[in-house]
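> Have a look at this prediction, sequence included:
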Amino acid sequence: MRRARGGRRGFALLMVIVVSVALMAIAIPFAISMRHQERGAQGGLDRAQARYAALAGRNHALAAVIRGHESVEEARGATAPFNTPFSDGADEFQVSWSGAMSPVEVQDGTARLRSSLLQDEQGKVNERTAPAALLDRIRARVDERTQDIRDYVTTWSWRPTAYAAPQSIRGVVPATAADGGSALTLIVDDAGAYGLGARVRVTWAGVPQYGVVDADSMGNNDVTVTGIPESESQVGAILELEIRHPVNLNTASALVISACLEGLGLRNKLTEDTVTRAEADAIAAAVIRRKFVSYEEFATWLRDQRQEGVISQNDETAIILNFANPAARRLAGTGTMPFTLASGNFVTVVAHGVQDFPSRAVSATADIRQVVEMAPAGTLRWRVRSQYDFERMLRIPEGRFVVTWPACIANREIPSTDRNQPAWVTTNLGRDDRANWQIRNHFDNTIAGMSTSKGPLQQAAGQILSIQGGNVDLDAGAAELWIKTAGT
């Protein structure tokens, strides 16, 4: 009897162990599941906190860079570096946390970190109008294992593609392209702006046709193009040059500046003197340490570089030509992108947010990269008191037939930013710049013209209009007579 009772007690203990094991088998997965759910909920919260931190960094950066918008810089009392509406340097795109919320925030034993940086999109090469050789040169220099190609190439700029330097087509001659295909040679008045590789547009009666300059003629009044049907290239049609998107010399990286300068050369010096890689790197390294406020300042500085032996005189001329029109015929297809000294108000903002555990181990991170077009709150005001003010807004397709003075842009004169100097704009009194001869007696320095009190003014017809082969070319020139009475 005693043994039977002892056996029953051993069986009960075994049952307790079995039941306990069964309960543990049920409870452990449940506990693990609860732990995973807790961690998942905490992870989602940490990721949200990290993204909020990144958004805070982005907003802080945009609030800082908006001070560089030209309408804000025009305001009275603007302080450096945000007081140069005609130029924007790298110092205007620095993100400072001084006087703002701390980039590191500690709460409930956890830390939250936010950071951000800004990039001026105008300081990059716009691949929509950039030559293929330039893009290849940039990609060859960028190691995408450690660098982001988006830091050097963009599709955003301050304006869409524009066309300028209009020429009336005087004649059309069938030609052969360099690859043996068909081409057209267009006879115009002045082809100096149409160099090898330039993209062009021809407008006749229908949809505009687009092509590429295929040959670099030694003449000054013919352009050989491919891609344009002969039926759309009638005499009297308008030939126009695609204007490439400018690169902000003040905010571009040394890599971009060097790539834009390398290989530049003059047509008659290509075999003996072009801008080398070493020369381009030396100029770029010096440029990124400066902020140019005017074209004249850059031209003077570049002359000093030539006098110091950094570059040759041919290199200096090629760089100056490329600054305004990289498609110029004298550059023989070596041109890259034009330069500007101001931002187009498109910026890339890169923000980073980190949420830590109480142990300071990283719990979650968030990254934001956005291209933003800046515009300050309130009414925007366009201040137009200098010729440069007019020109800044007229470099768009809608402004092609508007002329500003006194500097003649067609003659590569640079408009002044001095708002104490006289300047004016006209739509019906300006000269026709498509002719290659100088127009006489177009009193550029005064709106009033010449007073008759100084006596009669006589001029031969051949000095007013162009007479070619006995015919007066009225399509590209005109005679004007303006009379202002004493009472008007």
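Received, thanks.
> Wait, Pro131 touches Ala327, no?
No: applying C-beta atoms under 8 Å as the test, Pro131 and Ala327 come out as separate, 9.4 Å apart. Bear in mind the C-beta positions are built from the backbone N, C-alpha and C, glycine included.
> any shared contact partners between the two?
Contact criterion C-beta atoms under 8 Å, 6 or more residues apart in numbering; residues shared by Pro131 and Ala327: 197, 335.
> So for those two, which residue has more residues nearby?
Neighbour totals were compared for Pro131 and Ala327, and Ala327 leads with 25 against 20 (other C-beta atoms under 10 Å).
> Which of the three states applies to that one?
The three-state assignment at Ala327 reads coil, by DSSP: H, G, I helix; E, B strand; the rest coil.
> quick one: it from Gly333, how far?
For Ala327, the distance to Gly333 equals 9 Å [C-beta to C-beta, to the nearest Å].
> anything in contact with each of the two?
Common neighbours of Ala327 and Gly333 (C-beta under 8 Å, 6+ apart) are 195, 197.
> Tell me which stretches of the protein form helices.
Remark: helices assigned in the chain by DSSP state H are 2-65, 70-73, 132-141, 254-261, 277-287, 295-307, 313-324, 387-394.
> Under the pLDDT cut-off, which ranges of the stretch 251-400 of the chain? List them.
Along the stretch 251-400 of the chain, the parts satisfying pLDDT under 70 run over 359, 377, 380, 393-400.
> change it to 90
Residue ranges of the stretch 251-400 of the chain with pLDDT under 90: 268, 294-296, 324-325, 344-345, 353-365, 374-400.
> Kindly report the same for the stretch 51-200 of the chain.
For the stretch 51-200 of the chain, the ranges with pLDDT under 90 are 51-53, 56-57, 63-64, 66-86, 96-115, 144, 156-171, 178, 188-193.
> residues near the nearest residue to Ser343 once chain neighbours are set aside, how many?
Among residues not flanking Ser343 along the chain, Asp88 sits closest, at 4.0 Å (C-beta to C-beta, 6 or more residues apart in numbering). Residues near Asp88, counting by other C-beta under 10 Å, number 29.
> Surely Asp88 is in contact with Phe346?
No: using C-beta under 8 Å, Asp88 is not in contact with Phe346, being 11.6 Å away.
> any residues in contact with both of the two?
Common neighbours of Asp88 and Phe346 (C-beta under 8 Å, 6+ apart) are 120, 122.
> how long is stretch 288-301 end to end?
Chord length of stretch 288-301, first to last residue, is 13 Å (C-alpha to C-alpha, to the nearest Å).
> ok, residues contacting that stretch?
81, 84, 86-87, 89-91, 249-250, 252-254, 257, 320, 323, 339, 341, 414, 417.
> among those, which ones are buried?
Among the contacts of stretch 288-301, those buried by neighbour count (16 or more other C-beta atoms under 10 Å) are 81, 84, 86-87, 89-90, 249-250, 252-254, 257, 320, 323, 339, 341, 414, 417.
> from the residues you listed, which ones fall inside strands?
In this view, those that belong to strands under DSSP state E are Phe339.
> now the end-to-end length of stretch 228-245.
One end of stretch 228-245 sits 23 Å from the other (C-alpha to C-alpha).
> Go through it and flag the buried ones.
Buried residues in stretch 228-245 (16+ other C-beta under 10 Å): 228, 232-233, 237-245.
> Could you list which of those residues belong to strands?
When the buried residues of stretch 228-245 are checked against strands (DSSP E), the matches are 238-243.
> what's the closest non-adjacent residue to Leu135?
In space, Leu135 is closest to Glu127, 5.9 Å off (C-beta to C-beta, 6+ apart).
> Pull the contacting residues for the one you found.
Glu127 touches 135, 153-155, counting by C-beta under 8 Å, 6+ apart.
> can you put the residues you listed in CSV and add distance to Asp304 and neighbour count?
Supplementary listing: those in CSV, determined by distance: C-beta to C-beta, whole Å; neighbours: other C-beta atoms under 10 Å:
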residue, distance to Asp304, neighbour count
Leu135, 31, 17
Val153, 31, 18
Thr154, 31, 24
Thr155, 35, 12
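> My read is that Thr417 contacts Ser87, right?
No: Thr417 is not in contact with Ser87 according to C-beta under 8 Å; the separation is 9.2 Å.
> export the ones in strands among the buried residues of stretch 228-245 to a markdown table and tack on pLDDT and distance to Ser312?
Shown next, in a markdown table, are these (pLDDT from 0 to 100; distance: C-beta to C-beta, whole Å):
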| residue | pLDDT | distance to Ser312 |
| --- | --- | --- |
| Ile238 | 86 | 38 |
| Leu239 | 89 | 34 |
| Glu240 | 89 | 33 |
| Leu241 | 91 | 28 |
| Glu242 | 91 | 30 |
| Ile243 | 89 | 28 |
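> what's around Val207, how many residues?
Using other C-beta under 10 Å, the number of residues around Val207 comes to 8.
> Contacts for stretch 52-62 next, please.
With C-beta under 8 Å, 6+ apart as the test, stretch 52-62 has contacts from 95, 97, 100-101, 103, 105, 112-118, 347, 349, 351-355, 366-368, 370, 372, 374.
> How about the residue nearest to Pro174 when sequence neighbours are not counted: which residues does it bridge to?
Spatial nearest neighbour of Pro174, chain neighbours left out: Leu184 (6.4 Å); criterion: C-beta to C-beta, 6+ apart. In this entry, Leu184 is beta-bridged to Pro174, Val225, by DSSP bridges.
> who touches Leu184 in this structure?
172-175, 224-226, 228, 230, 233.
> Kindly recompute the last result at 7 Å.
For Leu184, the residues meeting the contact criterion (C-beta atoms under 7 Å, 6 or more residues apart in numbering) are 172, 174-175, 225, 228, 230, 233.
> could you give the mean pLDDT of stretch 27-45?
For stretch 27-45, mean pLDDT rounds to 72.
> Using PDB, write out every CA atom in it.
Only the C-alpha atoms of stretch 27-45 are listed here, as PDB (Å, rounded to 0.1, in the frame of the first residue of the first chain):
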ATOM      1  CA  ALA A  27       3.700  31.300 -23.300                       C
ATOM      2  CA  ILE A  28       7.100  31.700 -24.800                       C
ATOM      3  CA  PRO A  29       5.900  32.400 -28.400                       C
ATOM      4  CA  PHE A  30       3.300  34.700 -27.000                       C
ATOM      5  CA  ALA A  31       5.900  36.600 -25.000                       C
ATOM      6  CA  ILE A  32       8.200  36.700 -28.000                       C
ATOM      7  CA  SER A  33       5.400  38.000 -30.200                       C
ATOM      8  CA  MET A  34       4.500  40.700 -27.700                       C
ATOM      9  CA  ARG A  35       8.200  41.700 -27.500                       C
ATOM     10  CA  HIS A  36       8.400  42.000 -31.300                       C
ATOM     11  CA  GLN A  37       5.200  44.000 -31.400                       C
ATOM     12  CA  GLU A  38       6.600  46.400 -28.800                       C
ATOM     13  CA  ARG A  39       9.800  46.700 -30.700                       C
ATOM     14  CA  GLY A  40       7.900  47.200 -34.000                       C
ATOM     15  CA  ALA A  41       5.800  50.000 -32.400                       C
ATOM     16  CA  GLN A  42       8.900  51.600 -30.900                       C
ATOM     17  CA  GLY A  43      10.700  51.200 -34.300                       C
ATOM     18  CA  GLY A  44       7.900  52.900 -36.100                       C
ATOM     19  CA  LEU A  45       7.900  55.700 -33.600                       C
END
